[in-house]
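> I'd like to go over a predicted model; first the sequence, then the structure.
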Protein chains: 2
Amino acid sequence: MMTTRMIHHRLPLLAGGTLLGALLLGAAATTRADEGMWLYNAPPRKLLKERHQFEPTAAWLEHVQKSSVRFNSGGSGSFVSEDGLLISNHHVGSDDLQKLSDEQHDYVRNGFHARTRAEEKRCLDLELNVLQNIEDVTARVNAAVKPGLSADEAFAARRAVMAEIEKESLDQTGLRSDVVTLYQGGAYHLYRFKRYTDVRLVFAPEQQIAFYGGDPDNFEYPRFDLDICLFRAYENGQPAKLRHHLRFSTNGVSENELVFVSGHPGNTSRQLTLAELEYLRDQRFPYILARLHRLEVMLTAWSGRSDENARRAKDLSFGVQNSRKAREGFLAGLLDPQVMSQKKQAEQRFRAALAAKPEWKDTLSAWDRIAAAQQIVAGQALPHTLLEGGHGFDSTLFGIARTLLRAADEKPKPSGERLREFRDSNRESLELGLFSEEPIYDDLETLRLANSLGWLTEKLGSGHALVQQILAGKSPRARAAALVSGTRVKDVALRKKLYAGSAAEVAAAKDPMIELARLVDAEARRLRKINETQDEVKRQAYGQIAAARFALSGTDTFPDATFTLRLAYGVARGYQGDGRKIPFQTIFAGLYERAAEHKNKPPFDLPPRWVERKGRLDLSTPFNFVSTADIIGGNSGSPVVNRAGKFVGIIFDGNIQSLVLDFIYTEEQARAVSVNSQAIMESLRKVYDAHELADELATGRAK
Amino acid sequence: MMTTRMIHHRLPLLAGGTLLGALLLGAAATTRADEGMWLYNAPPRKLLKERHQFEPTAAWLEHVQKSSVRFNSGGSGSFVSEDGLLISNHHVGSDDLQKLSDEQHDYVRNGFHARTRAEEKRCLDLELNVLQNIEDVTARVNAAVKPGLSADEAFAARRAVMAEIEKESLDQTGLRSDVVTLYQGGAYHLYRFKRYTDVRLVFAPEQQIAFYGGDPDNFEYPRFDLDICLFRAYENGQPAKLRHHLRFSTNGVSENELVFVSGHPGNTSRQLTLAELEYLRDQRFPYILARLHRLEVMLTAWSGRSDENARRAKDLSFGVQNSRKAREGFLAGLLDPQVMSQKKQAEQRFRAALAAKPEWKDTLSAWDRIAAAQQIVAGQALPHTLLEGGHGFDSTLFGIARTLLRAADEKPKPSGERLREFRDSNRESLELGLFSEEPIYDDLETLRLANSLGWLTEKLGSGHALVQQILAGKSPRARAAALVSGTRVKDVALRKKLYAGSAAEVAAAKDPMIELARLVDAEARRLRKINETQDEVKRQAYGQIAAARFALSGTDTFPDATFTLRLAYGVARGYQGDGRKIPFQTIFAGLYERAAEHKNKPPFDLPPRWVERKGRLDLSTPFNFVSTADIIGGNSGSPVVNRAGKFVGIIFDGNIQSLVLDFIYTEEQARAVSVNSQAIMESLRKVYDAHELADELATGRAK
């Protein structure tokens, strides 16, 4: 399944993932075939016209844009009724399903269905963002970084102006305002989003049909997954009344039909320099995979001990398995000499072109500056990831403790001088996560923390002075048990009190988890600062490269993915795989055949309801389909729309051949996998008796 | 489950595991409580008399010794009838069950029962060894290593004299003859074994009852496992007629009863220097675990794709999971500051005692020599393990190819100058493995080889010149697929032909897998030679330490485990765990309670036969029991005997607290776990209708 969610769902708290995030920021290159994760303020008009004889109007674009929803927990979705109903994937909603579940109610596994408005369940900490408009602020951002500043000073100046722009915009419009770095520093755009934080769970099927085939079928095709989840956005205690939502098509998709995907691809690395790709191949991905393998084994073993363990760890386990399979695909791509040779040739061609133009020749040094910065980043990647990225403290409670500690230190500073996640314009989102009532289980916390303290010890060495202070003379297991049982930050009321208090008050609490965060804070901040400075060096260098590329190849292009709204397009089309033609879509009958072929054994077993109601279904109904649209993790839940702007399906996966899309686009075999809108309608009515929801989808309004 | 089996079952082919094996050789220390894996030629007479008022006679010792059986595939067993019947664990026999299975017959999963002699199935490559006698050859071995030789020369001289002693003995007695290094070089004993290579499978239960509770219950207690497998040794096409076999007790074991364990513990590290333990903690075990995590995830994912995949990978998967859980326990012990502090204090005390005695003071330098040698070994551990240890080429076919390549190079040399596995006295065992008709599956081979080529690339770096030659411009996946489909060494007839041929004939075959082995051979041999030289340095140093220890503490002690026959003893006794008293034994009723508690869901489901026949069983029959006997991996399948020398149970596991026994003995919570002989009898008769086998066990002879 595709999602940007890494192990730490709560990025704002832990600031985890910033290193990789920074590495994966991209810059423009030549566009091929149906390639592209296009900006809404620079859509691919020319290509669409040339290749598909389609010219989107401004109204068409605005309608699709404002119907598209970002799940801040990592994923995409879309509004599908004027009464706030929205649809995403089960595996995007599973974060919320997990948090709403308890020992008696396992909504991840068994699904959920609110038959009345009153039964809709408010999610604990879900924030949705709907893009309203985009403003190019490149000039203002770059102007604040005066020539002659050191990288350090430049970083500070850039951080300050970005926070200032965001705060001004928030104050003026009331909209969430984020300055987004595009083309790795080639452009800065201000994105303004409408936020929804009262979001209620309406419907989810059983995980067994949402994720039919489990890990073996994940990133594979053909597929038979009903990977959907329905929510409703509320405002002022009432369902939100929307001006834009997608009309639901009951006709699905035809073979070779042009389709669009409007969603939030998380990260791509297509415009990274070869040196940065080699770093990913040789160091970063092997490190990440080793950690994921370890986590997967640990969680699988622990889940095997009891059903309740399995329930508690389910969403986390899924995320780990999913990331593992995705990363294996990424790494396999980088280990393919043909892929790397293409990347190398492209870089050499571009550099040769620059060398031939006196006015751009100086730009060649940008590659060296990036490589030098990268070397510094690589040299401290391990301690940075462990201490600042949180891999040494894999614990929800640690994340909370660190946020409380840092909030007290950061809040007295001017917004532009704070660590970026504490800027004024991010306050509401940060607090939503920090004060979440999500259940925290001592046993699972201890397991994760013990494992990560062991990982920290292994990676930095048991003789490392800070490691010894962290372990305080105990084994990783004993230390984790003492920290989890000793901390009081499980108590949300205490969190609110400490968050409102001063640094002295936080210190006076003498909470062992906060004190652990304090113990590593100086070193973690020191490492982070070095990374931020080198990021600035890279931004400037990539900015130069991007400017040269625009000048040489034109601006009809798109930046690497940044978990902001993008428009992709492609056609619904099968492919040749393992020597046979794989058709573009599957039908319901295929689901029952696959289950029979595997004797209905997990993970190919059918939920009881699907067995019982087989007779009611039209088995020729289309189920899943593939298209050539250019997607990546984060696109999960993206609506697939047709020329008429109607909802014809929902993205939930890519095939295994699509995983190289992180680095390089190909439409030979790489495909995006979607649920057909017809499958949704058929199963809501005939399997789940959810006629009120099917009617709302069909009419675009609630009864 | 406890077993010495690592990932490479076929150590003679790959010479895998030699590094760790060498590291884990041990030297004597002070003995505590029921500690001890005693040599049969130096049994713990004094302790047994003092602590348990028992004096074993020479006849008692000979009887137990000659009834004990070593499984060369990694494990222990014992003869239980005069007609060659022998018993071990299902998880020891699973290597053979796997090799005898095919798509239509899954003996690992479903078990096996030969109701007549004719139905007994001959194992493909199983070799059993029964210890006949031991001779101390320390003086002769050390005399061959003249003073003043370099470590290189000393290694060669020692290897030569060992091969010479073995060959002489083989020629004189016809018995398999191995010179075993004890006390890490403190003593050399010649072990003579009777070999059985016509071994037939008689009975195995379903894996689901043999390994009831699966990975979650592995290394746990209380338990309910019928982990047994019955074989029959043949000679000249007839069941072997035995002078020694254990009489089967139908009375089982009483609480606090003295019991003995006669088996083949594989490796312990109790007498390693602190520096060597730190190396294991900080480098070796983390490396091994990272590899096991990766393999476990890969095999689990692949097995999930189809039942046939799962069947093909079953024995391998079990071995990986089992090793992973064991190693996690070892590493957790080393990461416990209390354990390490005990080890440190013991070493300091001993060194202080030496420093106080002028005649032993010089011995102190031995620690420095060991540390220096270890530093060299550690510095090349990664390439050595990858290239010589086989971790870069995890493939049965590669193992075969390398053996063919090296046999052609080694056979023309004098026996004492060959790589040790090619010495004359090992020829028959080597050929048994090399010419095995075990099924080899291209898909599983490709999966494993691709994974290990990826691991090799990751660890040595994709820029490494030899790695680039190994990959030959392909990705690891593509290269593995080409090698597996291209090699012809799957053909046993071809193997025999090449093995009989010259180096030129092997080269003329132009087999791609053999050519791969050739490509890495020079570097692999170079690394191995460095290791062997440093092993010699360590042997000499440990020899000095051992001599000092014998002089200071006496010789009433035992060496670290070496996969040779040892006698352990202890009492059947429960323990305090998680604040409650855990009784020493479980009964059949507990099995059914545990299944009910888990709603009979995997891995807590019962085989159908056990459900159907519940009513026939006496549910108060003892099932499993624990004792304080000192065991480790390799002891799997060891008979548990009482004072009368009767078989009262069979070792199959240790509890999680016993995993520290690798480094340090404790009888507070550490326990060996066995199947009670009564459980075997009850289930053979009432679940399996195997009356003829139960009768043979009861009477000690076949009908």
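Perfect, thanks for sending it.
> residues contacting A:L128?
A:L128 sits next to A:69-72, A:77, A:86, A:195-197, A:199, A:233 when contact means CB atoms under 8 Å, 6 or more residues apart in numbering or on different chains. Yep, even glycine has a C-beta here, placed from its N, CA and C like the rest.
> so what's the closest residue to chain B within the stretch 1-150 of chain A closest to, chain neighbours aside?
Residue nearest to chain B within the stretch 1-150 of chain A: A:R109 (13.3 Å; CB to the nearest CB). Take A:R109 and drop its neighbours on the chain: the residue closest to it by CB to CB, 6 or more residues apart in numbering or on different chains is A:Q207, 5.3 Å away.
> measure that neighbour to chain B for me?
16 Å (CB to the nearest CB, to the nearest Å).
> so that residue makes contact with A:V108?
Yes - counting by CB atoms under 8 Å, A:Q207 does reach A:V108; the two are 5.5 Å apart.
> any residues in contact with both of those two?
By the contact definition CB under 8 Å, 6+ apart, A:Q207 and A:V108 are jointly contacted by A:94, A:314.
> the helix or strand where A:V640 lies: how far from the chain's middle?
Per DSSP states H and E, A:V640 falls inside strand A:639-641. Here strand A:639-641 is found 18 Å from its chain centre; the criterion is CA atoms, centre = their mean, to the nearest Å.
> and if you look at stretch A:666-679?
19 Å.
> now A:K510: phi and psi?
Main-chain torsions, A:K510, degrees, to the nearest 10: phi 50, psi 40.
> contacting residues around it?
Contacts of A:K510 (CB under 8 Å, 6+ apart): none.
> need the pLDDT of it.
pLDDT for A:K510: 98.
> do A:I7 as well
At A:I7, pLDDT is 28.
> against chain B, how distant is A:A548?
Separation of A:A548 from chain B (CB to the nearest CB) stands at 29 Å.
> next, count neighbours for that residue.
Applying other CB atoms under 10 Å in any protein chain shown, we find 24 residues neighbouring A:A548.
> so which helix or strand takes in it?
According to DSSP H and E, A:A548 maps onto helix A:512-553.
> just to revisit the earlier point, report the rounded mean pLDDT for the strand holding A:V640.
98.
> check which helices and strands that strand is in contact with.
helix A:58-67, strand A:75-79, strand A:258-263, strand A:647-654 (3 or more CB pairs under 8 Å, 6 or more residues apart in numbering or on different chains; DSSP states H and E).
> ok, and the closest non-adjacent residue to A:R324?
A:L292 (4.2 Å).
> now do the contacts for the one you found.
A:7, A:320, A:323-324, A:327.
> just send these back as a markdown table, with neighbour count too.
A markdown table is the format used below for the contacts of A:L292 (neighbours: other CB atoms under 10 Å in any protein chain shown):
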| residue | neighbour count |
| --- | --- |
| A:I7 | 20 |
| A:V320 | 24 |
| A:S323 | 23 |
| A:R324 | 22 |
| A:R327 | 20 |
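> narrow those to those in helices?
Counting by DSSP state H, the contacts of A:L292 place A:320, A:323-324, A:327 in helices.
> any idea how chain A splits into domains?
Using automatic domain parsing, the domain parsing of chain A gives A:27-127+A:197-266+A:563-699, A:274-379, A:386-540.
> what about the second one, start to end distance?
By that I understand domain A:274-379. Domain A:274-379 has an end-to-end distance of 18 Å (CA to CA, to the nearest Å).
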